[in-house]
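S.K.: Got a predicted model here, sequence first, then my questions.
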Amino acid sequence: MKVHFIAIGGSAMHNLALALHEKGYTVTGSDDEIFDPARTRLAKAGILPPDEGWHPERITPDLDAVVLGMHARIDNPELLRAQELGLKIYSYPEYLYEQSKDKLRIVVGGSHGKTTTTAMILHVLREAGIEADYMVGAQLEGFNVMVRLTHTAKVMVIEGDEYLTSPIDRRPKFHLYHPNVAIITGIEWDHINVFPTFDIYKEQFAKYIDLIEEGGTLIYCDDDPVVHDVATANRRNDIAKLPYDIPQYTVRNGITYIADNEGHETPLRIFGRHNLLNLTAARLACRELGISDQTFDQAIATFGGASKRLELVKANANSAMYKDFAHAPSKLRATIAAVREQYPDRRLVACMELHTFSSLTKEFLQQYRGTMDQADIRFVYFSQHALQLKKLPPLDPEEVRKAFGGNIEVFTDSKQMIEAVKQTCSQFKIQNSEFSVLMMSSGNFDGIDFSQLADQII
């Protein structure tokens, strides 16, 4: 099989290219810019394009498939050439389905918790000795790649994003996977640039349920009232519906334990109410594959989390620093609550970057009101340059402060915010106060070295 990638340098795209190369396919690609880690990983595999830019002459009649990335525009010269030749053109999710259509597909959807729940399922399957293909949106401990495709695996686990499929296909990605087992972890309005109202956004999850294969299973978070309403409003009687809620748990000396029906406790490396909900969703999915609760508990005890999902950067006996992907309001609230519950007697410094299109939109900012109230010190950062890149109007820091409510300090210079973090932590040390620092963003605060910062404050 010969497959060409238009926009091969994307995070998702280069991982799919590597997976197909590992599978034995002949892989080529193009992009107008390719940065690390994609550049190094593609070069190591021997499939890095010889030069950057678009080259329609690379689109030849002998290609079996062309995979189109979101980064490419509809007038991309390679895309136009592929259309002219009548080649099979797939979006990223379409090609994932093409590779998995003969496998049992577990798809994890939701506004938050997708990556962690997918990672939990994969971790347990590996520990149980069950081979699985997968696509996940973060680097996982013990897994070398973010996409795996084989000829032999009978199961594929897919993180189901609700964002648009491609420049020429405006469907949400998770509408293309047709799951045998579908999970919905939570629903909170996001991506307002393509879903301008909450009702339109919710409708995408209702359609997702309609696309479950006949005889399949819906696993949904009954703790989320919106998810509950969407799931129970669906009248399909040809699928099983399995609601889930928070499991029985306790926190002792900074460790979270879950308990089974007989009171037997399992210590976890992860923590937080939202992670316990994700864990329950993963348990139900693994049951669908015949994995016992005992096997699940033994495996999940060694699960350390996904990259940037309450990821510990550094800790000592009195303090800790975590980084997290939290950027939407519900994610922000849940992540702060998790650290607060795990370390109730510590001072909590919470830093958040407004980075996504939605978070930088004035109309959406009101959704953040009260989300940081459980933190003792609350810093919010945004870049005026990010607003320019997203072609959004300027934001006044005072508008941001009022939107969040409470005692919030807003920065437009990340270096100034970092200095404020350092000074705050130094003051805590002088007072002999224990503390936790939480850095939350889908970006990186304009290039902060998290390890270096942790060394300076811990």
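M.R.: Structure's in. What do you need?

S.K.: Quick check: Met70 vs Lys308, distance?
M.R.: 21 Å (C-beta to C-beta, to the nearest Å). (C-beta placed from N, C-alpha, C; glycine too.)

S.K.: neighbour count winner among those two?
M.R.: Using other C-beta atoms under 10 Å, the more surrounded residue of Met70 and Lys308 is Lys308, with 20 against 17.

S.K.: what sits against Glu94?
M.R.: By C-beta atoms under 8 Å, 6 or more residues apart in numbering, the residues touching Glu94 are 165, 169, 176.

S.K.: 10 Å - rerun?
M.R.: Glu94 is in contact with 65, 67-68, 88, 165-166, 169, 171, 173, 176-177, counting by C-beta atoms under 10 Å, 6 or more residues apart in numbering.

S.K.: Glu363: how many residues sit nearby?
M.R.: Count around Glu363 with other C-beta under 10 Å applied: 9.

S.K.: please renumber so the chain begins at 13
M.R.: All right, first residue 13 from here; so that's Glu375.

S.K.: Now list the buried members of the contacts of Glu106.
M.R.: 77, 79-80, 177-178, 181, 185, 188-189 (16 or more other C-beta atoms under 10 Å).

S.K.: What is the longest strand along the chain packed up against?
M.R.: The residue-count maximum for a strand in the chain (DSSP state E) belongs to strand 359-366. Under the contact criterion of 3 or more C-beta pairs under 10 Å, 6 or more residues apart in numbering; DSSP states H and E, strand 359-366 touches strand 331-336, helix 341-354, strand 389-394, helix 396-401, helix 409-416, strand 421-423, helix 426-442, strand 447-452.

S.K.: now with 7 Å?
M.R.: helix 341-354, strand 389-394, helix 426-442, strand 447-452 (3 or more C-beta pairs under 7 Å, 6 or more residues apart in numbering; DSSP states H and E).

S.K.: could you dump these to TSV with mean pLDDT and mean neighbour count?
M.R.: Shown next, in TSV, are the helices and strands packed on strand 359-366 (pLDDT from 0 to 100; neighbours: other C-beta atoms under 10 Å):
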stretch	mean pLDDT	mean neighbour count
helix 341-354	92	22
strand 389-394	97	23
helix 426-442	96	16
strand 447-452	97	24
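
S.K.: In strands, which of the contacts of Glu106 fall?
M.R.: 77, 79-80, 177-178, 181, 183.

S.K.: just curious, which of those residues is nearest to Ile59?
M.R.: Val79 (12.9 Å; C-beta to C-beta).

S.K.: That closest one pairs with what?
M.R.: Phe17, Tyr102 (DSSP bridges).

S.K.: My read is that it contacts Pro105, right?
M.R.: No. Val79 is beyond contact range of Pro105, at 10.2 Å (criterion: C-beta atoms under 7 Å).

S.K.: Please tabulate the contacts of Glu106 in a markdown table and include pLDDT and distance to Ala165 as additional columns.
M.R.: What follows is these, written out as a markdown table (pLDDT from 0 to 100; distance: C-beta to C-beta, whole Å):
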| residue | pLDDT | distance to Ala165 |
| --- | --- | --- |
| Ala77 | 97 | 20 |
| Val79 | 97 | 20 |
| Leu80 | 95 | 25 |
| Lys100 | 96 | 23 |
| Thr177 | 84 | 24 |
| Ser178 | 82 | 26 |
| Asp181 | 85 | 26 |
| Arg183 | 92 | 26 |
| Lys185 | 95 | 21 |
| Leu188 | 96 | 19 |
| Tyr189 | 97 | 16 |
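
S.K.: Which of the three states applies to the nearest residue to Asp236 once chain neighbours are set aside?
M.R.: With sequence-adjacent residues excluded and distances taken as C-beta to C-beta, 6 or more residues apart in numbering, Asp236 is closest to Gly198, at 4.8 Å. Secondary structure for Gly198, judged by DSSP: H, G, I helix; E, B strand; the rest coil, is coil.

S.K.: Nice, that's everything, thank you.
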